[in-house]
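[1] heads up, no residue letters with this:
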């Protein structure tokens, strides 16, 4: 180690420490200039961001925001990781998902960097009888296999165990998960199933297959139904507790039960919320197992969120999944599945699967993301968010337990109502573009040719709904596509820019993005009569609106315009019918516009 000489130089010597009060005073001054005359805590609140679950992120975190001691990696409460070495030895497990029979595809993934397979079997996936064909050429003593068979868990597990025996795989060499998840299946389909077969599989794994787990606690159904991070945590915890009760009643010890469970969570492009969620999940499960006198680390399989995947401009999904994968790795996930960028369109092609698996590979091998254990640990922001999210998740877990447990909450409909209420609030933000979706509600590209994929098997349904962030805009774009197919052109709106570029550029860009989000083509060149449009949107500054808006709008009306918009805040202009502005309900505006244009 090189020791640098002490030359007496202190780079911060001339800069006195700033206090929180000084920072707050500067914030007040900036806000005052923007028209917000607030002071004290109100100034900080003005710069805070509201999250779901009643949480808020503040603009500044200091030592005064410190959270409870998270402990050390590999030790209870396991906030900093379930293993002392974290993922530093070999990185996280790269688990690729497959839903269809395709010869050699699973083997090709393994040969190109994937380290385990997630196979969806039965309804919505691969026939159980085809499992051997899918795994043809796969060294089952080297590649862990995680099954997801829903109601077919028992025959699927038997088939996999038969393949282990047929191919000479020693019982102690088998790795993976048989995927029993009766409550997850019920959440997906609305159909309850007996727990006895799953308990039998758990007992067999505990006694004969030390590297094989029998159960998955899948929180994706709740995430995909629109649930928040805390609701996802609460549901996973309630499901885990339900399985703990069932399996101990079936004769397994608490230690054996904990060894049979793997938890599955979603990772979103909100990287800090994802990191905090995974850390909080380990803390919460550690608390449950501690109460049962068997503190254990939660094993986590993390999947990039299907809710955030878009069908339009799907290439942006590569960016979303990269951020989500980074968050999963930093958050301490044991296994990570990166959904291909074309996941929402059908079966992924070879290029999409390659990008998916290489996302993890690049983060591990080139960004060296796993070389540091819990790299977010010690951040006042992350530690505080982890603590707050853990409390919110625990409260939702208590609510479910108060309703009689996870099964009762599902069957009564209360859980579905809670998730729906959360999604309704979020859908409102999406409609108002407060939560932008790049390529869909922001910067859409109408002329982009659609990406075509072979249809994927219909997923299991009948229980909780599946939602997507792009669904409202996708419905509008589908209407526009049908109009294009029927008439040869898209519905159009004429954007009239008033005054110099400095006056209209910002609002012209805003209006163009907004209308394209609904599949309405903006026309900015030539005259209104030649545009083929029946509606007009004026774009300029407030000052020019005062001078010209009514006169210009009247001129367009006399030229045949049936509707005149104004890009900006509502004002008193008699010839203007409606306004589009930041924060308006874009979905409602666009839907009404398509209705007027006769686009069904």
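    All right, it came through fine. The model shown is predicted, which means the values in this text are computed figures rather than measured ones. Residues are numbered from 1 along each chain as shown.

[2] and the strands in the stretch 301-450 of the chain?
    Applying DSSP state E, counting those that start in this stretch to the stretch 301-450 of the chain gives strands spanning 335-337.

[3] any stretches of it with poor pLDDT?
    For the stretch 301-450 of the chain, applying pLDDT under 70 flags no range at all.

[4] what of the chain?
    Low-confidence segments of the chain, defined by pLDDT under 70, span residues 1-13.

[5] ok, now which ones touch residue 96?
    Residue 96 sits next to 106, 109, 114, 116-118, 337, 353, 356-357 when contact means CB atoms under 8 Å, 6 or more residues apart in numbering. All C-beta atoms are positioned from the backbone trio N, CA, C, and that covers glycine.

[6] in a helix, it, correct?
    No - judged by DSSP: H, G, I helix; E, B strand; the rest coil, residue 96 forms no part of a helix; its state is strand.

[7] going forward can the numbers begin at 56, since that is how I track them
    Got it, first residue is 56 now, which makes that one residue 151.

[8] beta partners of it?
    Counting by DSSP bridges, residue 151 is bridged to residue 172.

[9] list the contacts of the longest helix along the chain.
    If you go by DSSP state H, the chain has its longest helix at helix 435-457. Helix 435-457 is contacted by residues 108-110, 112, 116-118, 120-123, 125, 134, 284-290, 292-293, 296, 327-328, 330-332, 334-336, 338-339, 342, 431-432, 461, 464, 470, 473 when judged by CB under 8 Å, 6+ apart.

[10] hang on, the earlier thing: tell me which two of the contacts of residue 151 sit farthest apart.
    By the measure CB to CB, 171 and 408 form the most distant pair in the contacts of residue 151, at 14.5 Å.

[11] what ranges does the stretch 56-205 of the chain have for its strands?
    Per DSSP E, counting those that start in this stretch, the stretch 56-205 of the chain carries strands over the ranges 104-105, 111-112, 148-153, 171-175, 200-203.

[12] most packed of those strands?
    strand 200-203 (a mean of 26; mean count of other CB atoms under 10 Å).

[13] that one pairs with which strands?
    Counting by DSSP bridges, strand 200-203 is paired with strand 171-175 (parallel), strand 231-235 (parallel).

[14] tabulate those strands (JSON lines), appending distance to residue 384.
    Listed next are those as JSON lines, based on distance: least, CB to CB, whole Å:
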{"stretch": "strand 171-175", "distance to residue 384": "16"}
{"stretch": "strand 231-235", "distance to residue 384": "20"}
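
[15] thinking again about what came up before, in helices, which of the contacts of helix 435-457 fall?
    Among those, the members falling in helices are 284-290, 292-293, 296, 327-328, 330-332, 334-336, 338-339, 342, 461, 464, 470, 473 (criterion: DSSP H).

[16] burial of the residue nearest to residue 284 when sequence neighbours are not counted, as a residue count?
    Nearest non-adjacent residue to residue 284, counting by CB to CB, 6 or more residues apart in numbering: residue 332, 4.7 Å away. Applying other CB atoms under 10 Å, we find 29 residues neighbouring residue 332.

[17] for residue 332, what are its contacts?
    Applying CB under 8 Å, 6+ apart, the residues contacting residue 332 are 284, 287-288, 320, 386, 444.

[18] so for whichever strand or helix holds residue 257, what gets flagged as buried?
    Using DSSP states H and E, residue 257 sits within helix 251-263. By neighbour count with 16 or more other CB atoms under 10 Å, helix 251-263 contains the buried residues 252-254, 256-258, 260-261.

[19] out of the strands of the stretch 56-205 of the chain, nearest to residue 376?
    Taking CB to CB, strand 148-153 is the member of these nearest to residue 376, at 12.4 Å.

[20] ok now that closest one, how far from the chain's centre?
    Mean-position distance between strand 148-153 and its chain equals 17 Å (CA atoms, centre = their mean, to the nearest Å).

[21] next, the angle from that strand to strand 231-235.
    50 degrees (axes from the mean of the first three to the mean of the last three CA atoms, to 10 degrees).

[22] re earlier: any chance of the buried residues of helix 251-263 in CSV, plus distance to residue 88?
    Shown next, in CSV, are those (distance: CB to CB, whole Å):
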residue, distance to residue 88
252, 67
253, 62
254, 65
256, 65
257, 63
258, 68
260, 64
261, 66
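
[23] between the residues you listed, which is nearest residue 485?
    The closest of the buried residues of helix 251-263 to residue 485 turns out to be residue 253 (CB to CB; 37.3 Å).

[24] distance of that closest one from residue 262?
    15 Å (CB to CB, to the nearest Å).

[25] for the stretch 156-305 of the chain, what spans make up the helices?
    Counting by DSSP state H, counting those that start in this stretch, the stretch 156-305 of the chain has helices at residues 160-166, 186-189, 208-221, 237-244, 251-263, 275-279, 284-304.

[26] which one of the ones you listed lies nearest to residue 198?
    Closest among those, using CB to CB: helix 160-166, at 5.5 Å.

[27] so which of the strands of the stretch 56-205 of the chain is nearest residue 398?
    Among the strands of the stretch 56-205 of the chain, the nearest to residue 398 by CB to CB is strand 148-153 (8.7 Å).

[28] could you work out the end-to-end span of stretch 357-365 for me?
    Criterion CA to CA, to the nearest Å; first-to-last residue distance in stretch 357-365 is 19 Å.

[29] quick one: that stretch to chain centroid distance?
    Distance, stretch centre to chain centre, for stretch 357-365: 5 Å (CA atoms, centre = their mean).

[30] other residues contacting that stretch?
    In contact with stretch 357-365 (CB under 8 Å, 6+ apart) are residues 152, 275, 278-279, 281, 319-324, 333, 371-372, 375-376, 379-380, 383, 386, 388, 390-394, 396, 398-399, 492, 494-495, 521-525, 529.

[31] repeat for stretch 176-183
    Applying CB under 8 Å, 6+ apart, the contact partners of stretch 176-183 are 153-156, 174-175, 186, 189, 202-207, 210-211, 214, 512-515.

[32] now a ChimeraX select for only the buried ones of those residues.
    The following ChimeraX line selects those of the contacts of stretch 176-183 that are buried, judged by 16+ other CB under 10 Å:
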select :153,154,155,156,174,175,186,189,202,203,204,205,206,207,210,211,214,512,515
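
[33] how near is residue 370 to residue 364?
    Residue 370 sits 12 Å away from residue 364, going by CB to CB.

[34] between those two, which one's more packed in?
    Of the pair residue 370 and residue 364, residue 364 is the one with more neighbours under other CB under 10 Å, namely 22 against 14.

[35] which residue packs closest to the more buried one, ignoring adjacent ones?
    Of all residues not flanking residue 364 in the chain, residue 399 sits nearest, at 4.5 Å (CB to CB, 6+ apart).

[36] tell me the phi and psi of the closest residue in space to residue 494 that isn't next to it in sequence?
    Spatially, and ignoring its direct neighbours in sequence, residue 494 is nearest to residue 368 (2.9 Å; CB to CB, 6+ apart). Dihedral angles of residue 368 (phi, psi; degrees, to the nearest 10) stand at phi 50, psi 60.
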